[in-house]
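Chemist: Pasting a predicted model and its sequence here:
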Amino acid sequence: MSLHELRPSCVLIGDIGGTNASLELLVERDGVLCGVHEVLLPSGAYASFELLLEQFFAQTGIRADSVSAACFSVAGPVEAGVCTMTNLSWRIDSAALSARFRIPEVHLLNDFAAVGYGIASLGEHDVLSLQRAVPQHQGTRLVVGAGTGLGVCMLNWQGQAYAVHASEAGHADFAPLDATQDALLAALREPFGRVSYERIVSGPGLLRIFGFLQDHRGAVPSIPLRLAMQKQDEAAAISEFAISKLDPLAVAALDLFVSVYGAFAGNLALATLARGGVYIAGGIARKIAAKMNDGGFMRAFVDKGRFADLLRRYPVHIVTDPKVGLKGALNYLQLQG
């Protein structure tokens, strides 16, 4: 379906995460949707998505009832147009949003399903290749990405296009691979009981790894790192000090994080036989791309015993386009008839 056939005079798309919400308003001009307003708001500052959306309309001066259609990618499972977000106490209902804001058409889409729909819009400059290989024509694709949580989706070819399948595989049981990871699992069982990969491969997960290593090794972060963690996002400070090799504890934490991340992505690549390519999305991969590209991630990815050679034949890319989720929400909206 073309943009003209969709007939959107005004379309709203959003990528709604547990930390930030990115919203963009597009207006149709000569059959082409052009962005006119893009706003980033802190999700946690609002008691509900409705209140955040009201702030968007107030800030832009746009009347909500001028919007013809909306699609929001949301960080959580979507069932029958309803999502209870995994890392935020919001319940979002597409029908309720449509009624409250008088928007005729409102769609909700799992955030990593949105990334899946956005893959088709990526160019060579939108990815950083960690493993160059020839993708199988129409082969299965896999998207994995850590941020506030750990998202996953799969794409398989169905006739004329890829079908996107949302997943909650980030909540699968964590499988330790060595003595240090055994100890990490044991340490996290105390607060959580069952330990999923998301408890480790996420922004909060990096902080848990850092805290675990302090106790496990009796290590102490440097004074500059402690000061940086007080002034900015703690996980971001740890990553920056690790990449710059300014703090041994930060280096060890990020090494362990990347190793578990790579092992998890390799597990899913085996599960899906992702011969069409593996795409590592999410804000963390973009921010630590240099670390992801130093070999540790791919060593863990392919370390699957007899199947290591198989995984070496899969293309693996970091998605560097921060708007891939928004593009996916728009692509999904255009597919709706």
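Modeler: All right, it came through fine.
Chemist: which element is residue 136 on?
Modeler: Counting by DSSP states H and E, no helix or strand carries residue 136.
Chemist: wait, what's in contact with it?
Modeler: 275-276 (Cβ atoms under 8 Å, 6 or more residues apart in numbering). Where you see a C-beta, it was placed from the backbone N, CA and C, and this is true even at glycine.
Chemist: separation between it and residue 310?
Modeler: 12 Å (Cβ to Cβ, to the nearest Å).
Chemist: Stretch 194-213: how far from the chain's middle?
Modeler: 16 Å (Cα atoms, centre = their mean, to the nearest Å).
Chemist: what does stretch 303-311 give?
Modeler: On Cα atoms, centre = their mean, the centre of stretch 303-311 falls 26 Å from the chain's centre.
Chemist: Name the helix or strand of the chain that has the lowest mean pLDDT.
Modeler: helix 3-6 (a mean of 43; mean pLDDT, DSSP states H and E).
Chemist: As a check, name the ranges of all strands in this protein.
Modeler: 10-16, 20-29, 32-42, 69-74, 78-79, 82-84, 91-93, 105-110, 127-131, 141-146, 150-158, 161-167, 277-281, 316-319 (DSSP state E).
Chemist: Of all the residues in the third one, which ones are buried?
Modeler: Right, strand 32-42. 33, 37, 39, 41 (16 or more other Cβ atoms under 10 Å).
Chemist: Looking at these, spot the one nearest residue 328.
Modeler: residue 33 (14.3 Å; Cβ to Cβ).
Chemist: and the closest one, bridged to which residues?
Modeler: residue 28 (DSSP bridges).
Chemist: What separation do you get for it and residue 117?
Modeler: 15 Å.
Chemist: repeat for residue 280
Modeler: For residue 280, the distance to residue 117 - Cβ to Cβ - is 17 Å.
Chemist: What of residue 282?
Modeler: 16 Å.
Chemist: and if you look at residue 309?
Modeler: 32 Å.
Chemist: same check, this time on residue 79
Modeler: In terms of Cβ to Cβ, residue 79 sits 18 Å off from residue 117.
Chemist: Name the residue in the two with the higher neighbour count.
Modeler: residue 117 (28 against 9; other Cβ atoms under 10 Å).
Chemist: the longest helix in this protein is where?
Modeler: Secondary structure assigned by DSSP state H gives helix 248-272 as the longest helix of the chain.
Chemist: from the chain's centre, how far out does it sit?
Modeler: On Cα atoms, centre = their mean, the centre of helix 248-272 falls 15 Å from that of its chain.
Chemist: And for stretch 287-301?
Modeler: Per Cα atoms, centre = their mean, the centroid offset for stretch 287-301 relative to its chain is 17 Å.
Chemist: contacting residues for the nearest residue to residue 286 once chain neighbours are set aside?
Modeler: In space, and not counting its chain neighbours, residue 286 is closest to residue 320: 5.7 Å by Cβ to Cβ, 6 or more residues apart in numbering. The contact partners of residue 320, by Cβ under 8 Å, 6+ apart, come to 126-128, 286, 289.
Chemist: Export those as CSV, with columns for pLDDT.
Modeler: Output for these, formatted as CSV (pLDDT from 0 to 100):
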residue, pLDDT
126, 95
127, 96
128, 96
286, 95
289, 96
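Chemist: top of the residues you listed by neighbour count?
Modeler: Going by other Cβ under 10 Å, residue 127 tops those with 21 neighbours.
Chemist: Pop out the phi and psi values for the residue nearest to residue 148 when sequence neighbours are not counted.
Modeler: Excluding the flanking residues, the one nearest residue 148 by Cβ to Cβ, 6+ apart is residue 18, at 3.6 Å. For residue 18, the backbone dihedrals are phi -70, psi -20 (criterion: degrees, to the nearest 10).
Chemist: hang on, residue 18 packs against residue 88?
Modeler: Yes: taking contacts as Cβ atoms under 8 Å, residue 18 lies within contact range of residue 88: 4.8 Å.
Chemist: Name the residues contacting each of the two.
Modeler: 43-44, 75.
Chemist: filter those residues to the buried ones?
Modeler: 43, 75.
Chemist: now, which of the shared contacts of residue 18 and residue 88 lie within helices?
Modeler: Per DSSP H, the subset of the shared contacts of residue 18 and residue 88 in helices is empty.
Chemist: Identify, from the shared contacts of residue 18 and residue 88, the entry nearest to residue 246.
Modeler: residue 44 (28.9 Å).
Chemist: which residues does the closest one contact?
Modeler: By Cβ under 8 Å, 6+ apart, the contact set of residue 44 is 18-19, 88.
Chemist: Give me the distance between it and residue 17.
Modeler: 10 Å.
Chemist: and for these two, which residues touch both?
Modeler: Common neighbours of residue 44 and residue 17 (Cβ under 8 Å, 6+ apart) do not exist.
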